[in-house]
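Q: The following comprises the amino acid sequence and a computationally predicted model.
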Amino acid sequence: MQTEMTGGEVLVDSLIRNDVKDLFFIPGIQLDWAVEALRKRSDELNLFVPRHEQTTTYMADGYYRASGKIGTAMVVPGPGALNAGAGLATAYASNSKIVFLTAQIHSTGVGKGYGLLHEIKDQTGFVKGLTKWNTFVNSAEGIAPALDAAYQEVETGRPRPVGIEIPHNYLETKTRLDKAEAWPATSPVIAAPEAAALEKAAKLINDARLPVLYVGGGIFPTNACSALQEVAERIGAPVVMSDNGRGALSDRHPLAMNSLAGRAVFQHADIIVVIGSRFADVLTPTASWPAGKARFVYINIDDADVTAPRVPDVAIIADAGVALEQLKEYLIKRVVLSNEQAQGVKNWAQEQITAIQPQTAYIDAMRQALPEDGVFVNELTQVGYLSRIAFPVYAPRTYIGPGYQGTLGYGFPVALGAAVGAGGRRVLSITGDGGFGWNLQELATAKRYNLPITLVVFNDGHFGNVRAIQKRVFGAEVAVELCNPDFQILAKAFGIPSVQVDSPEALGAAVRESVRAGGPAFIEVKVGVMPSPWHLLRLQAMAGMAGQAAPANPLDGVFS
């Protein structure tokens, strides 16, 4: 017979039993009994307490994306859960495996509108909207099976966050683990790909003049990168990586291409194999490339991502790794695109990227200074936008982007979690002075845990991208000027080494010094107005985003 335990002790025991090593949380009154249980077993869990509830879920997201290990976050109900919602939304958009634990008000008051501390209307609906699976624990005996179910569900099907709500009185209640309630699994188990679909897809690819592989972030949770490379090399087909798919194939590989290079090959492609990607525009409900110009094979773990506005000729609902391993056996070995032709396409894209200055120079300086196994966390800032296609990525899980949420300010707190998950590797986080304002208090977290993170803040004194859009569309600007603190004094106030630079060369030197010194470092880069890179981003340029005319497509005349 097991000894009697509080619900809080059961919760902590369940975390440990589910192999949780690192927990991101902020204590509060509804979590007191869980936090006391954490104190008693603090030698078995690493506890990370940031300065804002938003950062708990951001850190859990970054932790997962850098390591592939499930991230776990915990907050108080109501405003605590709402604050954590931004990070949870980003994790949902980025297909991250997150277990989100939030307390609830007293079980007898839920839904009654009594005005209990931290009560909000329909907290369960809020949690449900930002997770793929959620549950409300109805007793102390239900805590252990709910935790077990959550860690099972987060590993089943499409990777996305799961959520658990626990009324705080159940955390105080005494119970026994041997009284645990049963908890059935609900997430669908993904079936193996159908042979008929694989054969049909293979015939389309084998008969194609120029098949192209397009990969998104769904390639990483399935550990499918090696299978992707084998398929690409078997047929000599280019691999075009979305922002979320960067690192699926090393940029040094002859067949690896960013989305700008993808424009050249897509223009001539007759079969496009979309792997682990939503393949949809971020502003309008249209596919990333129009139907009719090519035929499409979709490989995705989620059948929702092969429906309209996408028009698949073949849809394979399966784990990408399993599907690619089986598909390659049906493919005829050949060379669709020679290394020389592929390099010509990459040079074509790089020529256009290099014309965007000073962003390219800053990106090159950072890439040269960051160790190859370092993790680059991109942000929504002028250098960051071009980095989506211009920052070379050499390995999976070394590039982190904002996903389709595009949450300004997400980068620094996500980078903190990445620094925990990366096992000592250097994390380079870039942001603008606008986005940095969302979470500048988290310098305290970087310092407290001595995380190996280099934060680069590009400071132009404005919400730079909003300003650029206003000037381009309306010819005037409003509400974009920022009142910033002295960032050097701010960093020093937190005890973090800092430096201000104003050139790519000085930035590269500062990043190299931060890697050598270890621990957190702050680099401020004073910049002015920069040219827009938006006409180069994505497979199809956004409407109204004009740049210089692109050089002639290097594949014209080869596949015409």
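A: Looks like it arrived, so ask away. Residues are numbered from 1 along each chain as shown.

Q: which regions of the stretch 151-300 of the chain sit below the pLDDT cut-off?
A: 179-190 (pLDDT under 70).

Q: Export only the CA atoms of stretch 463-476, formatted as PDB.
A: Provided in PDB are the C-alpha atoms of stretch 463-476 (Å, rounded to 0.1, in the frame of the first residue of the first chain):
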ATOM      1  CA  PHE A 463       8.800  49.700 -34.700                       C
ATOM      2  CA  GLY A 464      10.800  49.500 -37.900                       C
ATOM      3  CA  ASN A 465       8.700  47.200 -40.000                       C
ATOM      4  CA  VAL A 466       5.400  48.900 -39.100                       C
ATOM      5  CA  ARG A 467       7.000  52.200 -39.900                       C
ATOM      6  CA  ALA A 468       8.200  50.900 -43.300                       C
ATOM      7  CA  ILE A 469       4.700  49.600 -44.200                       C
ATOM      8  CA  GLN A 470       3.100  52.900 -43.200                       C
ATOM      9  CA  LYS A 471       5.600  54.900 -45.300                       C
ATOM     10  CA  ARG A 472       5.200  52.700 -48.300                       C
ATOM     11  CA  VAL A 473       1.400  52.400 -48.300                       C
ATOM     12  CA  PHE A 474       0.300  55.800 -46.800                       C
ATOM     13  CA  GLY A 475       3.300  58.000 -47.200                       C
ATOM     14  CA  ALA A 476       3.300  58.900 -43.500                       C
END
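
Q: Would you indicate which residues of it are buried?
A: Within stretch 463-476, the residues scored as buried using 16 or more other Cβ atoms under 10 Å are 463-465, 467-470. For glycine as for every other residue, the C-beta is placed from the backbone atoms N, C-alpha and C.

Q: Redo the residues you listed as JSON lines? Include secondary structure.
A: Shown next, in JSON lines, are the buried residues of stretch 463-476 (DSSP: H, G, I helix; E, B strand; the rest coil):
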{"residue": "463", "secondary structure": "coil"}
{"residue": "464", "secondary structure": "helix"}
{"residue": "465", "secondary structure": "helix"}
{"residue": "467", "secondary structure": "helix"}
{"residue": "468", "secondary structure": "helix"}
{"residue": "469", "secondary structure": "helix"}
{"residue": "470", "secondary structure": "helix"}
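
Q: which other helices and strands contact the helix or strand that contains residue 63?
A: Residue 63 is located in helix 53-67, with elements delineated by DSSP states H and E. Here helix 53-67 touches strand 22-25, strand 71-75, helix 79-93, strand 98-104, strand 399-400, helix 411-421, going by 3 or more Cβ pairs under 8 Å, 6 or more residues apart in numbering; DSSP states H and E.

Q: and the residue lying closest to residue 464 once chain neighbours are set aside, how many residues sit next to it?
A: Nearest residue to residue 464, sequence neighbours excluded (Cβ to Cβ, 6 or more residues apart in numbering): residue 382, at 5.4 Å. By the criterion of other Cβ atoms under 10 Å, residue 382 has 24 neighbours.

Q: Settle this for me: residue 382 is touching residue 465, isn't it.
A: Yes: counting by Cβ atoms under 8 Å, residue 382 touches residue 465, with 6.8 Å between them.

Q: Can you check what pLDDT the model gives the residue sitting nearest the centre point of the chain?
A: Nearest to the geometric centre of the chain sits residue 94, at 4.3 Å (Cα atoms, centre = their mean). Residue 94 is assigned 96 on the pLDDT scale.

Q: and the closest residue to it other than its chain neighbours, which of the three is it?
A: If the residues on either side of it in the chain are set aside, residue 94 comes closest to residue 403, at 3.7 Å by Cβ to Cβ, 6+ apart. Under the three-state scheme (three-state DSSP), residue 403 adopts coil.

Q: Likewise for residue 529?
A: coil.

Q: re the thing from before, the buried residues of stretch 463-476: which two are farthest apart?
A: With Cβ to Cβ as the measure, no two of the buried residues of stretch 463-476 lie farther apart than 464 and 470, at 10.8 Å.

Q: overlap in contacts of those two?
A: Common neighbours of residue 464 and residue 470 (criterion: Cβ atoms under 8 Å, 6 or more residues apart in numbering): residue 480.

Q: who's in contact with residue 366?
A: 376, 391, 428, 430, 456, 507-508, 511.

Q: Could I get the pLDDT score of it?
A: The model reports residue 366 with a pLDDT of 98.

Q: Just the element for it, please.
A: helix 359-369.

Q: With only the CA atoms kept, save that helix in CSV.
A: Taking C-alpha atoms only, helix 359-369 is exported to CSV below (Å, rounded to 0.1, in the frame of the first residue of the first chain):
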residue,chain,number,x,y,z
GLN,A,359,21.3,43.2,-43.4
THR,A,360,23.3,40.6,-45.4
ALA,A,361,26.6,41.8,-43.9
TYR,A,362,25.2,41.5,-40.3
ILE,A,363,23.9,38.0,-41.0
ASP,A,364,27.2,36.9,-42.5
ALA,A,365,29.1,38.3,-39.5
MET,A,366,26.8,36.4,-37.0
ARG,A,367,27.0,33.1,-38.9
GLN,A,368,30.8,33.2,-39.0
ALA,A,369,31.0,34.0,-35.3
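
Q: pLDDT of the helix or strand just after that helix, averaged?
A: Sequence-wise, the next helix or strand downstream of helix 359-369 (DSSP H and E) is strand 375-377. The average of the pLDDT scores along strand 375-377 is 98.

Q: Equivalent analysis for stretch 384-399, please.
A: On average, stretch 384-399 scores 97.

Q: Other residues contacting that stretch?
A: By Cβ under 8 Å, 6+ apart, stretch 384-399 touches 65-68, 220, 225, 243, 246-248, 250-252, 258-260, 349, 353, 356, 359-360, 363, 366-367, 372-376, 378, 401, 411, 430-432, 465, 533-534, 536-537.

Q: so the residue nearest to residue 94 makes contact with residue 244?
A: Yes: counting by Cβ under 8 Å, residue 403 does reach residue 244; the two are 6.5 Å apart.

Q: Could you give the bridge partners of the closest residue to residue 153 other than its chain neighbours?
A: Excluding the flanking residues, the one nearest residue 153 by Cβ to Cβ, 6+ apart is residue 133, at 4.5 Å. Taking DSSP bridges as the rule, residue 133 bridges to residue 162.

Q: Near residue 133, how many residues? Count them for me, please.
A: 20.

Q: For stretch 70-83, buried residues please.
A: 70-78, 80-83.

Q: Report the two of these separated the most.
A: Longest span within these, Cβ to Cβ: 70 and 78, 25.1 Å.

Q: what's the neighbour count on the closest residue to residue 27 other than its chain neighbours?
A: Leaving aside its chain neighbours, residue 27 sits nearest to residue 35 (4.6 Å; criterion: Cβ to Cβ, 6+ apart). Using other Cβ under 10 Å, residue 35 has 19 other residues around it.
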